[in-house]
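1. got a structure for you, letters missing:
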Ligand SMILES: Nc1ncnc2c1ncn2[C@@H]1O[C@H](COP(=O)(O)OP(=O)(O)O)[C@@H](O)[C@H]1O
Ligand SMILES: [Mg+2]
(Lines give C-alpha, C1' and ligand atoms only; values in the text may rest on other atoms or scores of the structure.)
(Ligands and ions follow the chains in the order given, each with its own letter.)
Protein backbone atom coordinates (compact mmCIF):
# COMPACT_ATOMS: atom_id res chain seq x y z
CA UNK A 1 0.00 0.00 0.00
CA UNK A 2 1.28 3.42 -0.86
CA UNK A 3 -0.02 4.99 2.28
CA UNK A 4 1.04 3.11 5.40
CA UNK A 5 -1.98 3.52 7.60
CA UNK A 6 -1.70 7.00 9.08
CA UNK A 7 -5.19 6.77 10.45
CA UNK A 8 -4.72 4.16 13.15
CA UNK A 9 -1.82 6.06 14.57
CA UNK A 10 -2.28 7.93 17.81
CA UNK A 11 -0.01 10.60 16.40
CA UNK A 12 -2.40 13.48 15.84
CA UNK A 13 0.19 15.38 13.85
CA UNK A 14 0.39 12.64 11.22
CA UNK A 15 -0.11 14.02 7.73
CA UNK A 16 -3.21 12.66 6.02
CA UNK A 17 -3.08 11.58 2.39
CA UNK A 18 -3.69 13.84 -0.58
CA UNK A 19 -2.68 17.33 -1.63
CA UNK A 20 -5.83 18.98 -0.28
CA UNK A 21 -5.41 17.38 3.10
CA UNK A 22 -6.98 19.39 5.88
CA UNK A 23 -6.98 17.24 9.00
CA UNK A 24 -9.96 17.83 11.23
CA UNK A 25 -9.62 18.06 15.00
CA UNK A 26 -8.72 15.07 17.14
CA UNK A 27 -11.90 15.20 19.18
CA UNK A 28 -12.67 12.78 22.03
CA UNK A 29 -15.20 11.16 19.66
CA UNK A 30 -12.51 10.54 17.07
CA UNK A 31 -10.24 9.01 19.69
CA UNK A 32 -13.03 6.60 20.62
CA UNK A 33 -13.58 5.90 16.93
CA UNK A 34 -9.91 5.15 16.25
CA UNK A 35 -9.81 2.67 19.11
CA UNK A 36 -13.12 0.97 18.35
CA UNK A 37 -12.45 0.81 14.60
CA UNK A 38 -9.41 -1.42 15.03
CA UNK A 39 -9.81 -4.63 13.05
CA UNK A 40 -12.98 -3.44 11.34
CA UNK A 41 -14.01 -5.02 8.06
CA UNK A 42 -14.72 -1.55 6.67
CA UNK A 43 -13.74 1.80 8.05
CA UNK A 44 -13.73 5.40 6.94
CA UNK A 45 -11.47 7.79 8.79
CA UNK A 46 -11.79 11.56 8.74
CA UNK A 47 -13.19 11.58 5.22
CA UNK A 48 -13.24 14.85 3.35
CA UNK A 49 -14.90 14.35 0.00
CA UNK A 50 -17.12 16.01 -2.54
CA UNK A 51 -18.26 16.13 -6.13
CA UNK A 52 -16.78 19.45 -7.17
CA UNK A 53 -13.36 20.98 -6.54
CA UNK A 54 -13.43 23.17 -3.47
CA UNK A 55 -16.89 22.03 -2.35
CA UNK A 56 -16.65 19.42 0.35
CA UNK A 57 -19.75 17.45 1.20
CA UNK A 58 -18.09 15.19 3.76
CA UNK A 59 -16.27 17.24 6.36
CA UNK A 60 -14.40 14.70 8.41
CA UNK A 61 -16.80 11.75 8.61
CA UNK A 62 -15.78 8.62 10.53
CA UNK A 63 -17.42 5.22 10.32
CA UNK A 64 -16.53 1.64 11.01
CA UNK A 65 -18.25 -1.69 10.64
CA UNK A 66 -16.91 -4.69 12.50
CA UNK A 67 -17.36 -8.14 11.01
CA UNK A 68 -20.94 -9.31 11.48
CA UNK A 69 -22.29 -5.90 12.44
CA UNK A 70 -25.36 -4.17 11.08
CA UNK A 71 -24.58 -0.45 11.08
CA UNK A 72 -27.16 2.25 10.35
CA UNK A 73 -26.62 5.80 9.10
CA UNK A 74 -29.41 8.32 9.58
CA UNK A 75 -29.58 12.09 9.30
CA UNK A 76 -31.41 14.90 7.55
CA UNK A 77 -31.77 15.17 3.79
CA UNK A 78 -28.58 16.45 2.23
CA UNK A 79 -26.45 15.48 5.24
CA UNK A 80 -24.11 13.48 3.01
CA UNK A 81 -25.31 9.95 3.81
CA UNK A 82 -25.34 8.79 0.20
CA UNK A 83 -22.09 10.64 -0.40
CA UNK A 84 -20.47 8.72 2.46
CA UNK A 85 -21.51 5.37 0.97
CA UNK A 86 -20.37 6.47 -2.48
CA UNK A 87 -17.03 7.72 -1.12
CA UNK A 88 -16.42 4.30 0.45
CA UNK A 89 -17.34 2.64 -2.85
CA UNK A 90 -15.07 4.75 -5.04
CA UNK A 91 -17.84 6.78 -6.65
CA UNK A 92 -16.96 10.12 -5.05
CA UNK A 93 -13.42 11.45 -4.82
CA UNK A 94 -11.93 11.37 -1.35
CA UNK A 95 -9.77 14.47 -0.92
CA UNK A 96 -8.43 13.53 2.49
CA UNK A 97 -8.77 10.71 4.98
CA UNK A 98 -8.82 7.00 4.27
CA UNK A 99 -11.13 4.10 3.51
CA UNK A 100 -9.91 0.71 4.65
CA UNK A 101 -11.26 -2.76 3.87
CA UNK A 102 -10.02 -5.51 6.16
CA UNK A 103 -6.81 -3.57 6.77
CA UNK A 104 -6.18 -2.68 3.10
CA UNK A 105 -6.20 0.96 2.03
CA UNK A 106 -8.88 1.19 -0.66
CA UNK A 107 -9.18 4.98 -0.77
CA UNK A 108 -10.32 6.14 -4.22
CA UNK A 109 -10.14 2.65 -5.70
CA UNK A 110 -12.56 2.04 -8.55
CA UNK A 111 -15.94 0.56 -7.80
CA UNK A 112 -15.43 -2.51 -10.00
CA UNK A 113 -12.16 -3.23 -8.22
CA UNK A 114 -13.95 -2.90 -4.88
CA UNK A 115 -16.62 -5.39 -5.92
CA UNK A 116 -13.82 -7.89 -6.56
CA UNK A 117 -12.36 -7.10 -3.15
CA UNK A 118 -15.60 -7.80 -1.31
CA UNK A 119 -17.80 -4.70 -1.14
CA UNK A 120 -21.38 -4.92 -2.34
CA UNK A 121 -23.25 -1.70 -3.04
CA UNK A 122 -26.95 -1.22 -3.68
CA UNK A 123 -27.70 2.33 -4.81
CA UNK A 124 -31.01 3.96 -3.94
CA UNK A 125 -32.38 4.17 -7.47
CA UNK A 126 -31.93 2.48 -10.83
CA UNK A 127 -30.56 -0.56 -9.12
CA UNK A 128 -31.90 -3.30 -11.42
CA UNK A 129 -31.74 -3.96 -15.16
CA UNK A 130 -35.45 -3.69 -15.98
CA UNK A 131 -35.29 -5.43 -19.35
CA UNK A 132 -33.46 -8.46 -17.95
CA UNK A 133 -35.00 -11.34 -16.04
CA UNK A 134 -34.40 -11.77 -12.32
CA UNK A 135 -31.98 -14.59 -13.11
CA UNK A 136 -30.07 -12.47 -15.63
CA UNK A 137 -29.86 -9.64 -13.11
CA UNK A 138 -28.29 -12.02 -10.63
CA UNK A 139 -25.91 -13.28 -13.32
CA UNK A 140 -24.81 -9.70 -13.92
CA UNK A 141 -23.72 -9.63 -10.29
CA UNK A 142 -21.43 -12.57 -11.04
CA UNK A 143 -19.61 -11.25 -14.07
CA UNK A 144 -16.32 -11.34 -12.19
CA UNK A 145 -16.75 -14.97 -11.14
CA UNK A 146 -19.26 -16.69 -13.45
CA UNK A 147 -18.21 -20.19 -12.37
CA UNK A 148 -19.71 -19.63 -8.95
CA UNK A 149 -23.12 -18.69 -10.32
CA UNK A 150 -24.91 -21.87 -9.27
CA UNK A 151 -23.56 -21.89 -5.73
CA UNK A 152 -24.22 -18.20 -5.15
CA UNK A 153 -27.66 -18.36 -6.75
CA UNK A 154 -28.51 -21.08 -4.23
CA UNK A 155 -27.38 -18.83 -1.37
CA UNK A 156 -29.43 -15.88 -2.60
CA UNK A 157 -32.45 -18.10 -3.32
CA UNK A 158 -32.19 -19.39 0.25
CA UNK A 159 -32.56 -15.82 1.50
CA UNK A 160 -35.15 -14.76 -1.08
CA UNK A 161 -37.07 -17.87 -2.25
CA UNK A 162 -39.36 -15.77 -4.44
CA UNK A 163 -36.39 -14.74 -6.59
CA UNK A 164 -35.85 -18.38 -7.40
CA UNK A 165 -39.51 -19.09 -8.05
CA UNK A 166 -39.83 -16.13 -10.38
CA UNK A 167 -36.37 -16.17 -11.91
CA UNK A 168 -37.67 -16.02 -15.50
CA UNK A 169 -39.71 -12.87 -14.83
CA UNK A 170 -38.42 -9.56 -16.13
CA UNK A 171 -37.22 -7.31 -13.31
CA UNK A 172 -39.11 -4.37 -14.84
CA UNK A 173 -42.40 -6.12 -14.18
CA UNK A 174 -41.63 -6.71 -10.48
CA UNK A 175 -43.02 -4.57 -7.67
CA UNK A 176 -40.78 -2.01 -5.97
CA UNK A 177 -40.19 -4.37 -3.05
CA UNK A 178 -39.28 -7.25 -5.33
CA UNK A 179 -36.91 -5.07 -7.32
CA UNK A 180 -35.19 -4.11 -4.09
CA UNK A 181 -34.77 -7.82 -3.35
CA UNK A 182 -33.30 -8.36 -6.83
CA UNK A 183 -30.86 -5.50 -6.26
CA UNK A 184 -29.78 -6.84 -2.87
CA UNK A 185 -29.59 -10.36 -4.29
CA UNK A 186 -27.37 -9.19 -7.12
CA UNK A 187 -25.00 -7.44 -4.72
CA UNK A 188 -24.85 -10.62 -2.62
CA UNK A 189 -23.86 -12.82 -5.56
CA UNK A 190 -20.18 -11.92 -5.23
CA UNK A 191 -20.19 -12.97 -1.56
CA UNK A 192 -19.32 -9.52 -0.25
CA UNK A 193 -17.75 -9.20 3.16
CA UNK A 194 -19.70 -5.99 3.59
CA UNK A 195 -22.89 -4.80 1.93
CA UNK A 196 -23.69 -1.09 1.56
CA UNK A 197 -27.41 -0.28 1.22
CA UNK A 198 -28.64 3.20 0.35
CA UNK A 199 -32.20 3.77 1.59
CA UNK A 200 -33.50 0.33 0.66
CA UNK A 201 -36.99 1.12 2.02
CA UNK A 202 -37.45 4.41 0.14
CA UNK A 203 -40.52 4.63 -2.05
CA UNK A 204 -42.02 1.36 -0.83
CA UNK A 205 -45.41 0.76 0.77
CA UNK A 206 -45.32 0.46 4.59
CA UNK A 207 -45.73 -3.32 4.36
CA UNK A 208 -42.91 -3.66 1.86
CA UNK A 209 -40.75 -1.29 3.89
CA UNK A 210 -41.11 -3.60 6.82
CA UNK A 211 -40.25 -6.54 4.61
CA UNK A 212 -37.02 -4.83 3.52
CA UNK A 213 -35.95 -4.34 7.14
CA UNK A 214 -36.70 -8.00 7.87
CA UNK A 215 -34.69 -9.03 4.78
CA UNK A 216 -31.79 -6.81 5.75
CA UNK A 217 -31.68 -8.38 9.20
CA UNK A 218 -31.78 -11.81 7.57
CA UNK A 219 -28.86 -10.97 5.29
CA UNK A 220 -26.92 -9.78 8.31
CA UNK A 221 -27.80 -12.90 10.28
CA UNK A 222 -26.49 -14.97 7.38
CA UNK A 223 -23.08 -13.50 8.22
CA UNK A 224 -22.85 -10.46 5.94
CA UNK A 225 -21.74 -7.21 7.54
CA UNK A 226 -24.12 -4.43 6.52
CA UNK A 227 -23.92 -0.63 6.43
CA UNK A 228 -27.35 0.81 5.70
CA UNK A 229 -28.45 4.40 5.10
CA UNK A 230 -32.10 4.94 5.96
CA UNK A 231 -34.70 7.68 5.93
CA UNK A 232 -36.93 5.54 8.14
CA UNK A 233 -34.72 6.41 11.07
CA UNK A 234 -36.56 4.71 13.91
CA UNK A 235 -36.99 1.44 12.10
CA UNK A 236 -33.33 1.54 11.12
CA UNK A 237 -32.18 2.16 14.70
CA UNK A 238 -34.44 -0.67 15.89
CA UNK A 239 -32.65 -3.26 13.80
CA UNK A 240 -29.07 -2.00 13.73
CA UNK A 241 -26.34 -2.85 16.21
CA UNK A 242 -24.86 0.62 16.02
CA UNK A 243 -25.95 3.81 14.40
CA UNK A 244 -24.46 7.05 13.17
CA UNK A 245 -26.28 10.35 12.88
CA UNK A 246 -24.66 12.29 10.09
CA UNK A 247 -25.22 16.04 9.84
CA UNK A 248 -23.50 18.43 7.43
CA UNK A 249 -21.02 15.82 6.40
CA UNK A 250 -19.76 14.91 9.84
CA UNK A 251 -20.73 12.63 12.71
CA UNK A 252 -23.25 14.25 15.02
CA UNK A 253 -23.97 11.26 17.26
CA UNK A 254 -22.96 7.64 17.35
CA UNK A 255 -24.03 4.90 19.73
CA UNK A 256 -25.93 1.63 19.77
CA UNK A 257 -29.19 1.76 17.82
CA UNK A 258 -31.18 1.48 21.06
CA UNK A 259 -29.26 4.27 22.79
CA UNK A 260 -29.65 6.64 19.83
CA UNK A 261 -33.36 5.89 19.62
CA UNK A 262 -33.83 6.93 23.25
CA UNK A 263 -31.41 9.86 23.30
CA UNK A 264 -33.55 13.00 23.91
CA UNK A 265 -31.28 15.15 21.72
CA UNK A 266 -31.39 12.70 18.84
CA UNK A 267 -35.17 12.44 19.21
CA UNK A 268 -35.60 16.21 19.27
CA UNK A 269 -33.25 16.97 16.40
CA UNK A 270 -33.46 13.97 14.12
CA UNK A 271 -36.34 11.67 14.95
CA UNK A 272 -39.25 13.83 16.11
CA UNK A 273 -42.56 12.53 14.90
CA UNK A 274 -41.33 12.11 11.33
CA UNK A 275 -39.29 9.06 12.13
CA UNK A 276 -42.08 7.10 13.82
CA UNK A 277 -42.30 3.41 13.07
CA UNK A 278 -44.74 2.96 10.24
N1 LIG B 1 -23.77 14.22 -8.09
C2 LIG B 1 -23.70 15.32 -7.31
N3 LIG B 1 -23.06 16.44 -7.72
C4 LIG B 1 -22.97 17.53 -6.94
N5 LIG B 1 -23.50 17.61 -5.69
C6 LIG B 1 -24.16 16.55 -5.23
C7 LIG B 1 -24.30 15.34 -6.01
N8 LIG B 1 -25.00 14.43 -5.27
C9 LIG B 1 -25.28 15.04 -4.10
N10 LIG B 1 -24.78 16.29 -4.07
C11 LIG B 1 -24.90 17.25 -2.95
O12 LIG B 1 -24.28 16.68 -1.82
C13 LIG B 1 -24.99 17.00 -0.64
C14 LIG B 1 -25.27 15.71 0.12
O15 LIG B 1 -26.06 14.87 -0.68
P16 LIG B 1 -26.37 13.38 -0.29
O17 LIG B 1 -25.12 12.68 0.07
O18 LIG B 1 -27.16 12.82 -1.41
O19 LIG B 1 -27.27 13.55 1.02
P20 LIG B 1 -28.23 12.53 1.77
O21 LIG B 1 -28.04 11.19 1.15
O22 LIG B 1 -27.83 12.60 3.21
O23 LIG B 1 -29.62 13.07 1.59
C24 LIG B 1 -26.24 17.73 -1.06
O25 LIG B 1 -26.01 19.11 -0.87
C26 LIG B 1 -26.34 17.44 -2.54
O27 LIG B 1 -26.92 18.50 -3.22
MG1 LIG C 1 -29.25 9.92 0.09
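-> Yes, it's here. Being a predicted model, the structure only gives us computed values, none of them experimental. Ligands and ions are numbered 1, 2, ... in the order given.

2. and stretch 105-123, anywhere near ligand 1?
-> No: contact of stretch 105-123 with ligand 1 (C-beta under 6 Å from any ligand atom) is absent, the minimum separation being 10.9 Å. (Glycine included, C-beta is placed from N, CA and C.)

3. ok, is that stretch in contact with ligand 2 or not?
-> No: using C-beta under 5 Å from the ion, stretch 105-123 stays clear of ligand 2, coming no nearer than 9.5 Å.

4. and the longest helix along the chain, how far from the chain's centre?
-> Ordering each helix of the chain by length in residues (DSSP state H) puts helix 206-221 first. Taking the mean of its C-alpha atoms, helix 206-221 sits 15 Å from the chain's own mean (C-alpha atoms, centre = their mean, to the nearest Å).

5. Let's verify the residue of the stretch 51-200 of the chain at minimum distance from ligand 2: helix, strand, or coil?
-> Residue nearest to ligand 2 within the stretch 51-200 of the chain: residue 82 (3.2 Å; C-beta to the ion). Following DSSP: H, G, I helix; E, B strand; the rest coil, residue 82 is assigned to helix.

6. residue contacts, the residue nearest to it when sequence neighbours are not counted?
-> Nearest non-adjacent residue to residue 82, counting by C-beta to C-beta, 6 or more residues apart in numbering: residue 198, 5.4 Å away. Applying C-beta atoms under 8 Å, 6 or more residues apart in numbering, we find residue 198 in contact with 81-82, 85, 121-124, 229.

7. So what sits opposite residue 198 in the bridge?
-> residue 229 (DSSP bridges).

8. gap between it and residue 127?
-> To residue 127, residue 198 is 9 Å away according to C-beta to C-beta, to the nearest Å.

9. what do you get for residue 44?
-> Distance check for residue 44 against residue 127: by C-beta to C-beta, it reads 22 Å.

10. Just want to know which of the two has more residues nearby.
-> Between residue 44 and residue 127, counted using other C-beta atoms under 10 Å, the more crowded position is residue 44 (27 against 20).

11. Is any residue of the helix or strand that the more buried one is a member of near ligand 1?
-> For residue 44, the host element (DSSP states H and E) is strand 42-49. No: using C-beta under 6 Å from any ligand atom, strand 42-49 never reaches ligand 1; the gap is at least 9.8 Å.
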